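Participant: coordinates for the following, if possible.
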Amino acid sequence: MPEGFRVSGVRRRVAVTGLGVVSPIGVGHPEFWSALIEGRSGVDPITAFDASGYSTRIAAEVRDFDPLAFMDRKEARRNDRFVQFAYAAGRMALDDAGYVITPANATRTGVMIGSGIGGATTWEEQHRQLILKGPDRVSPFFVPMIISNMASGVTSILTGAKGPSSCVVTACATGGNAIGDAARMIERGDVDAMLAGGSEASITPLAVAGFCSMKAMSTRNDEPRRASRPFDAGRDGFVIGEGAGVVLLEAMEHAEARGVQIYGEMIGYGATADAFHITQPDPEGDGALRSMAAALADAGIAPEEIDYINAHGTSTPYNDRLETLAIKRFFGAHARRLAVSSTKSMIGHLMGAAGGVEFIVCALALRHQVMPPTINYEVPDPECDLDYVPNVARPGRLRTVISNAFGFGGHNATLVLRANHA
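Facilitator: Residues are numbered from 1 along each chain as shown. You can find the predicted model right below:
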């Protein structure tokens, strides 16, 4: 039996020991957290391409990322931006945890980093090559650069992790599902450690045009930093963002034996389907409700034990209203005592990376005992009537928190994180 394999029927505990973030407001979790607590917005006019003819001309771009800080020039050139983000976040998570992959632990260390869209930049660049210069000028790296599994594949190759390497693709629930599925592998005893999360880099001409055609994004182009306003009555759509959030999960006994910092214990995971519509949430918030219920049942705790929710909170009329409804239906009277905030108000919607980054927000909230704000909250919506930590970060006694991530296609994921030894 491999060392570390669980005794049949015994569920191993899962610790969060490393955090890696690439975001529109900072690369690395210290800079990211400082910006969040300050309520700093990362939304500005789009610079990645000429968006002058678009109805939405703003985005939350990552502007201070240098892939050469994490990989050599050759690797950077043959990997799409979303893979660069993923590996950088994974590398930071390993370094943060002081976890070195060696021949002794490589086969017990896995990777589960998803992407909702994959190599959108490469798709569009290589399509232009095809049209302008013909099929012989399409890069031989085109296919491996676009496929979503390369976030995990390249991270595995460059770190030497030889355990399970897989990929979740569940739209905007991707990061949440990836972390939840990775935790299951540790609980079962398949591995001792997993790099898990999501990555996305889809601020491209075609992707933005598609979202514009759906009329899903904010058109508050003249005041970009006020555009993402979850739960506010004046919200008019989400703001597209990019980045990556990757955590190192370890079996608790493995982390404690190493004597490393533990940000929290992952105690619950719920995943459900709305089975309703390709883009709209269930009109009663049923899928979101059942996702939270499943996560708390998995954790074996009562709803009253939750102190804070990092909401999916996209700043779209439907999502914010229905997530609020789901919270009220599930938590009942306790919903009025909960703090609920959406960090998308500052970083935009990172699509497949959102769940990974927002889980990291929860880990940092537990570490610092501070709840990040929902900025741009100005006019209350009668149907969004919870405590959204408006505009200013708030200290509080946090023991158990949850992160919600919901995606097109009706995918829902909820993660429960508890302060270690809470």
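Participant: low-confidence ranges in this structure?
Facilitator: Low-confidence segments of the chain (pLDDT under 70): 1-9, 422.
Participant: just checking, what's the longest helix in it?
Facilitator: helix 81-97 (DSSP state H).
Participant: report the buried residues of it.
Facilitator: 81-94, 96-97 (16 or more other CB atoms under 10 Å). For glycine as for every other residue, the C-beta is placed from the backbone atoms N, C-alpha and C.
Participant: again, but for stretch 358-369
Facilitator: Buried positions in stretch 358-369, judged by neighbour count with 16+ other CB under 10 Å: 358, 359, 360, 361, 362, 363, 364, 365, 366, 367.
Participant: out of these, which sit inside helices?
Facilitator: Per DSSP H, the subset of these in helices is 358, 359, 360, 361, 362, 363, 364, 365, 366, 367.
Participant: in space, what's closest to the second one - neighbours in sequence excluded?
Facilitator: In this case it means residue 359. residue 403 (4.8 Å; CB to CB, 6 or more residues apart in numbering).
Participant: with distance to residue 181 as added columns, please give the buried residues of stretch 358-369 in JSON lines.
Facilitator: Below are the buried residues of stretch 358-369 laid out as JSON lines (distance: CB to CB, whole Å):
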{"residue": "358", "distance to residue 181": "17"}
{"residue": "359", "distance to residue 181": "13"}
{"residue": "360", "distance to residue 181": "17"}
{"residue": "361", "distance to residue 181": "20"}
{"residue": "362", "distance to residue 181": "18"}
{"residue": "363", "distance to residue 181": "18"}
{"residue": "364", "distance to residue 181": "22"}
{"residue": "365", "distance to residue 181": "23"}
{"residue": "366", "distance to residue 181": "22"}
{"residue": "367", "distance to residue 181": "24"}
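Participant: what lines up beside the very next helix or strand once past the longest helix of the chain in the sheet?
Facilitator: Helices and strands here follow DSSP states H and E; after helix 81-97, the next one along the chain is strand 109-114. Next to strand 109-114 in the sheet, as set by DSSP bridges, lie strand 165-166 (parallel), strand 193-200 (parallel).
Participant: would you agree residue 313 is in contact with residue 345?
Facilitator: Yes - Residue 313 is within contact range of residue 345, at 7.5 Å (criterion: CB atoms under 8 Å).
Participant: now do the shared contacts for those two.
Facilitator: 230, 374 (CB atoms under 8 Å, 6 or more residues apart in numbering).
Participant: hey, where'd the helices end up in the stretch 1-150 of the chain?
Facilitator: In the stretch 1-150 of the chain, the helices defined using DSSP state H, counting those that start in this stretch lie at 29-38, 73-77, 81-97, 120-133, 142-146, 150-159.
Participant: cool, and the stretch 251-400 of the chain?
Facilitator: Per DSSP H, counting those that start in this stretch, the stretch 251-400 of the chain carries helices over the ranges 252-258, 286-299, 317-331, 344-347, 354-368.
Participant: endpoints of stretch 383-395, how far apart?
Facilitator: 26 Å (CA to CA, to the nearest Å).
Participant: give me the residues contacting it.
Facilitator: Residues contacting stretch 383-395 (CB under 8 Å, 6+ apart): 36-39, 230-233, 320-321, 324-325, 327-328, 335-336, 338-342, 369-377.
Participant: again, but for stretch 47-64
Facilitator: With CB under 8 Å, 6+ apart as the criterion, stretch 47-64 contacts 22-24, 26-27, 41-46, 85, 201, 203-205, 208-209, 211-212, 215, 217-221, 224, 227-228, 237, 239-243, 347-350.
Participant: in strands, which of those residues fall?
Facilitator: Under the assignment DSSP state E, the contacts of stretch 47-64 contribute 22, 23, 26, 27, 44, 45, 243 to strands.
Participant: and which of the buried residues of helix 81-97 is nearest to residue 164?
Facilitator: Closest approach to residue 164 among those (CB to CB): residue 90, at 14.6 Å.
Participant: leaving out chain neighbours, which residue sits closest to residue 303?
Facilitator: residue 331 (4.9 Å).
Participant: what sits against the one you found?
Facilitator: 303, 306, 338.
Participant: where does the residue nearest to residue 379 when sequence neighbours are not counted fall, phi/psi-wise?
Facilitator: Ranked by CB to CB, 6+ apart and with sequence neighbours excluded, the top spatial neighbour of residue 379 is residue 233, at 4.2 Å. Main-chain dihedrals, residue 233, degrees, to the nearest 10: phi -60, psi -20.
Participant: mind listing what's buried along stretch 71-79?
Facilitator: Quick answer for stretch 71-79 (16+ other CB under 10 Å): 71, 75, 76, 78, 79.
Participant: err, stretch 376-384, not the other one
Facilitator: Buried-residue list, stretch 376-384, by 16+ other CB under 10 Å: 376, 377, 381, 384.
Participant: sorry, back to before: deepest of the helices of the stretch 251-400 of the chain, which one?
Facilitator: helix 344-347 (a mean of 30; mean count of other CB atoms under 10 Å).
Participant: tell me how far residue 284 lies from residue 321.
Facilitator: 11 Å (CB to CB, to the nearest Å).
Participant: now do residue 261
Facilitator: Counting by CB to CB - residue 261 and residue 321 are separated by 39 Å.
Participant: include distance to residue 116 when you put the contacts of residue 331 into CSV, please.
Facilitator: Below are those laid out as CSV (distance: CB to CB, whole Å):
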residue, distance to residue 116
303, 29
306, 27
338, 28
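Participant: out of these, which comes closest to residue 152?
Facilitator: The closest of the contacts of residue 331, once distances to residue 152 are taken by CB to CB, is residue 306, at 30.6 Å.
Participant: hmm, that closest one is touching residue 296, no?
Facilitator: Yes - counting by CB under 8 Å, residue 306 touches residue 296, with 7.5 Å between them.
Participant: what do the two both touch?
Facilitator: Common neighbours of residue 306 and residue 296 (CB under 8 Å, 6+ apart) are 402, 416.
Participant: which residues are in contact with the closest residue to residue 14 other than its chain neighbours?
Facilitator: Leaving aside its chain neighbours, residue 14 sits nearest to residue 266 (4.3 Å; criterion: CB to CB, 6+ apart). Residue 266 makes contacts with 14, 15, 16, 179, 183, 249, 415, 416, 417, as judged by CB under 8 Å, 6+ apart.
Participant: quick one: residues contacting residue 14.
Facilitator: 183, 186, 187, 249, 250, 251, 252, 265, 266, 267.
Participant: and these, which is closest to residue 409?
Facilitator: Looking across these and measuring by CB to CB, the closest to residue 409 is residue 183, at 22.1 Å.
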